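Q: after the sequence you'll find the predicted model.
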Amino acid sequence: MKVRRNLLIALSLLSLSANAQRIKGSDTVLPVAQQTAERFMNLQPDARVTVTGGGTGVGISALMDNTTDIAMASRPIKFSEKMKTKEAGQEVDEVIVAYDALAVVVHPSNPVKQLTRQQLEDIFRGKITNWKQVGGDDRKIVVYSRETSSGTYEFFKENVLKNKNYMAGSLSMPATGAIIQSVSQTKGAIGYVGLAYVSPRTKTLSVSYDGSHYAAPTVENATNKTYPIVRPLYYYYNVKNKEQVAPLIDFILSPEGQEIIKKSGYIPVK
């Protein structure tokens, strides 16, 4: 009798473990990952999904350490990270779950409405240091950036700064919410956030890559490709766990999952 009871307990724990999912990583992906996971659990009462942020690099490291089942990422996995997974005898697969427009934000009182990519590069590299140099007030520019483990930091550096280094005096923030808070409280501030984080407490700028056609960061402009700063958002998982994570990934890619993505301020894959 005791053996049978222990077996039943073991089987129930195994079942619980199989239905438990851990998602960790990108702060950009975090809001929509939480919303889709919540809806998934409503549809699958036995499922348990925990979602935490920390940044893309943190999520991918957790995937390698087997402390998460899915890594959220706002940039592709690096070659060095791929090599580490191979050395550990793991194979990682990639799924694009959404697209995101990266918005440049300033204090609401800032009269500047638009900037070119070159002006953004010069601001974030410390070559333009006063707002009057780009048509604004005579006020020092305070640059806010994400920390280096952030996929958003990497993408902005690659896409906007053309792989040049940020200025030494930029202020690194641990999370996207911290950039929104800091920019909303600092009149000379500038920063960048995923579109889903855009808040009335800050003002978004229109951006031009050719110097003549400016577009505001909106879902519509990102979808029709008039807004230039757009990137894919990823889920990464170990191939050996594919069967375990498939239902959750299938849901986020389903019409219902993609509708949640659209309503949350992201661009659907489908």
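A: All right, it came through fine. What you see is a predicted model, and the numbers here were worked out from it, not measured in a lab.
Q: in what helix or strand does the residue positioned nearest the centre of the chain lie?
A: Geometric centre of the chain, nearest residue: Thr28, 2.4 Å, by C-alpha atoms, centre = their mean. Secondary structure assigned from DSSP states H and E places Thr28 in neither a helix nor a strand.
Q: contact partners for it?
A: Neighbour list for Thr28: 72, 74, 100, 151-152, 176, 194, 196-197, 233 [criterion: C-beta atoms under 8 Å, 6 or more residues apart in numbering]. Backbone N, C-alpha and C define where each C-beta goes, glycine included.
Q: where does it land on pLDDT?
A: Confidence at Thr28, expressed as pLDDT, is 92.
Q: got it, and Met1?
A: 49.
Q: again with the one 3 residues further on
A: The predicted local confidence for Arg4 comes out at a pLDDT of 47.
Q: got it, and Leu7?
A: Note for Leu7: predicted pLDDT of 39.
Q: one more: Gln90?
A: Reading off the per-residue confidence, Gln90 sits at a pLDDT of 88.
Q: pLDDT weak spots in the protein?
A: Under the criterion pLDDT under 70, the flagged ranges of the chain are 1-18.
Q: domain ranges for it?
A: Residue ranges for the domains of the chain, per the TED database: 19-98+231-262, 100-222.
Q: including distance to Pro268, could those go into a markdown table?
A: Below are the domains of the chain laid out as a markdown table (distance: least, C-beta to C-beta, whole Å):
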| stretch | distance to Pro268 |
| --- | --- |
| domain 19-98+231-262 | 4 |
| domain 100-222 | 9 |
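Q: Val269: which of those is closest?
A: Using C-beta to C-beta as the measure, domain 19-98+231-262 is the one of the domains of the chain that comes nearest Val269, at 5.7 Å.
Q: ends of the closest one, how far apart?
A: Using C-alpha to C-alpha, to the nearest Å, the gap from the first to the last residue of domain 19-98+231-262 comes to 27 Å.
Q: could you do stretch 222-236 as well?
A: Distances were taken as C-alpha to C-alpha; on that basis the terminal residues of stretch 222-236 are 24 Å apart.
Q: cool, and stretch 200-218?
A: From the first residue to the last, stretch 200-218 extends over 14 Å; the measure is C-alpha to C-alpha.
Q: how about it: buried residues?
A: 202-205, 207-209, 214-218 (16 or more other C-beta atoms under 10 Å).
Q: that concludes my questions; thank you for your assistance.
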